[in-house]
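Novice: Following is a predicted model, sequence given first.
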Amino acid sequence: MDLRIPKIPKNEDDLNEISKQLEHEHNNPEDLEHVVAELIGELQSIENRLTQSETDAKKLKEEISKIYLVLSKMILLISSNNEEDKIKNLKDLLSLLR
C-alpha cells in the first residue's frame, strides 16, 4: 500500500484527520486499522527520539558550562600574581574537576 501524507501528524487530532481521509479512500477497515496503528507507532517513536535528543542537549549544555567554568578558573590562576589567590583558584579548579 502506498501511503502518502501531506503533513506529519503532530497530535491526536491530526491522526484522526488522517484516519478519516483513509476511511474515504479505503473500504477495508482492517487495512485501515493496520495503517493507523503503524502511524501511531511511528509517531511514538519520533516522540521518544525527540525526548532523548532534548535530554542529550541538556547534558551537553551542562558540560559546556562546566568547561567554561574550568577555563575561567585557569585564566584566573594564570593571571594571578598573589600566591594565596593562586592556591584558592587551584582549589576551585580541583573542585570543579571532581
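Specialist: Received the coordinates, thanks. Fair warning: this is a prediction, and the values are worked out from it, not measured in the lab. Numbering: from 1, shown residues only.

Novice: which secondary structure elements does the longest helix along the chain contact?
Specialist: In the chain, ranked by residue count with DSSP state H as the criterion, the top helix is helix 29-79. Judged by 3 or more C-beta pairs under 8 Å, 6 or more residues apart in numbering; DSSP states H and E, helix 29-79 is in contact with helix 12-25, helix 83-97. C-beta coordinates here come from the backbone N, C-alpha and C atoms, glycine included.

Novice: what pLDDT, on average, does the shortest one get?
Specialist: Read it as helix 12-25. The pLDDT scores in helix 12-25 average 74.

Novice: cool, stretch 48-57 as well?
Specialist: 95.

Novice: that older thread, can you put the helices and strands packed on helix 29-79 in a markdown table and add mean neighbour count?
Specialist: Below are those laid out as a markdown table (neighbours: other C-beta atoms under 10 Å):
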| stretch | mean neighbour count |
| --- | --- |
| helix 12-25 | 12 |
| helix 83-97 | 13 |
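
Novice: Report the inter-axis angle for the longest helix of the chain versus helix 12-25.
Specialist: Interaxial angle, helix 29-79 versus helix 12-25 (axes from the mean of the first three to the mean of the last three C-alpha atoms, to 10 degrees): 150 degrees.

Novice: Would you list the phi and psi of residue 81?
Specialist: phi -100, psi -20 (degrees, to the nearest 10).

Novice: State the number of residues packed around it.
Specialist: 6 (other C-beta atoms under 10 Å).

Novice: List the residues that contact it.
Specialist: Contact partners of residue 81, counting by C-beta atoms under 8 Å, 6 or more residues apart in numbering, are absent.

Novice: Just the pLDDT at it, thanks.
Specialist: As predicted, residue 81 sits at a pLDDT of 90.

Novice: and what of residue 45?
Specialist: 89.

Novice: hmm, back to that, closest one to residue 65 among the helices and strands packed on helix 29-79?
Specialist: helix 83-97 (10.7 Å; C-beta to C-beta).
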